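K.L.:
Here is the input, now give the coordinates:
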Amino acid sequence: MRIDAHHHLWDLARRPQPWLTGPELDPIARTFELAELEPLLAAHGIDATVAVQSSSSLEETRELLAIAAASGGRIAGVVGWTDLTDPALADVLSSLTGPLVGIRHQVQDESDPWWLARAGVRRGLATVAAAGLAYDMLITPRELPAALETAAALPDLRIVVDHGAKPPIASGGWEPWAGQLAQLAALPNVTCKLSGLVTEADWAGWKPAGVLPYAGHLLEAFGPSRVLFGSDWPVCTLAATYGSVLALAEEAVAGLSAAESAAVFGGNAARVYDLG
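P.N.:
Below is the predicted model:
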């Protein structure tokens, strides 16, 4: 079973996406629904997906869960948003009906690089773990030290690092991202998505040769049993087609065995998110 472990859906008629600002994002500043993604999944042999929140909205989470429930299994899981600092978080999580498999917050947008280390946030993350859910970490290299400390402090929390922690591909940077990511990968409760790399490169001029070393580092650091393929559609379309993103990931895993490749393209997502 091939699984796209990271894509988004949003309806701008229902609510704005506050991060969709600036002319460079105009190509995706519109509504994206499952009906537009379906033909791409079918064309590339993707059996199921994980839909991921894109705004700090509990109502958006409920809507994604409803879409997933009506998708006939196409959306096998939803990574939603809840306020991690809410004292009633456990009750909120139990009220969310549908295939909720994880929680995410846009940590990269917080002004405090140590937001993950706040006591209220840590309590919330422990509650997420107690509920049997994964936690998607949307971070950049700036937040990697806090991510490392948090992952070590919460060994029962299944953490999924989104987009390889957004390495500085466009500038050709390597450290401290590579070293700190390897430290994070040394913790057994952390996995990582092979996703979002094309939009960290030069959108107009990227080449596979410039991106593959970063993908290779993810695979080396985490190993093929802890890396999950995700398209990051429709954000990826700023730099590449769905097919190009998939082809790049397939090139990155070309040296793996068939079983290892199958894990990256589905098995790991099924296990980490408990998709059944």
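K.L.:
what's residue 76 in contact with, if anything?
P.N.:
Residue 76 makes contact with 3, 48, 49, 50, 68, 99, 270, 273, 275, 276, according to CB atoms under 8 Å, 6 or more residues apart in numbering. From N, CA and C alone the C-beta is placed, and that goes for glycine too.
K.L.:
give the contact list for the first one.
P.N.:
In this case it means residue 3. Counting by CB under 8 Å, 6+ apart, the residues that residue 3 touches are 46-50, 76, 228-229, 265-266, 269-270, 275.
K.L.:
Kindly recompute the last result at 10 Å.
P.N.:
With contact taken as CB atoms under 10 Å, 6 or more residues apart in numbering, residue 3 is in contact with 46-50, 76-77, 228-230, 264-270, 273, 275.
K.L.:
element containing the closest residue in space to residue 156 that isn't next to it in sequence, please.
P.N.:
Spatial nearest neighbour of residue 156, excluding adjacent residues (CB to CB, 6 or more residues apart in numbering): residue 129 at 4.7 Å. Element membership of residue 129 [criterion: DSSP states H and E] is helix 119-130.
K.L.:
how about the helices of the stretch 151-276 of the chain, start to end?
P.N.:
Remark: helices assigned in the stretch 151-276 of the chain by DSSP state H, counting those that start in this stretch are 177-185, 208-222, 242-252, 258-262, 268-272.
K.L.:
Tell me the neighbouring strands of whichever helix or strand residue 77 is part of, and mark each as parallel or antiparallel.
P.N.:
Under the assignment given by DSSP H and E, the secondary-structure element containing residue 77 is strand 75-80. Take DSSP bridges as the rule and strand 75-80 pairs in its sheet with strand 48-52 (parallel), strand 100-105 (parallel).
K.L.:
show me the residues around the residue sitting nearest the centre point of the chain that make contact.
P.N.:
With distances taken as CA atoms, centre = their mean, the residue of the chain nearest its centroid is residue 162 (3.8 Å). By CB under 10 Å, 6+ apart, residue 162 lies in contact with 5-6, 52, 79, 104, 106-108, 136-139, 192-193, 195-196, 228, 230, 232.
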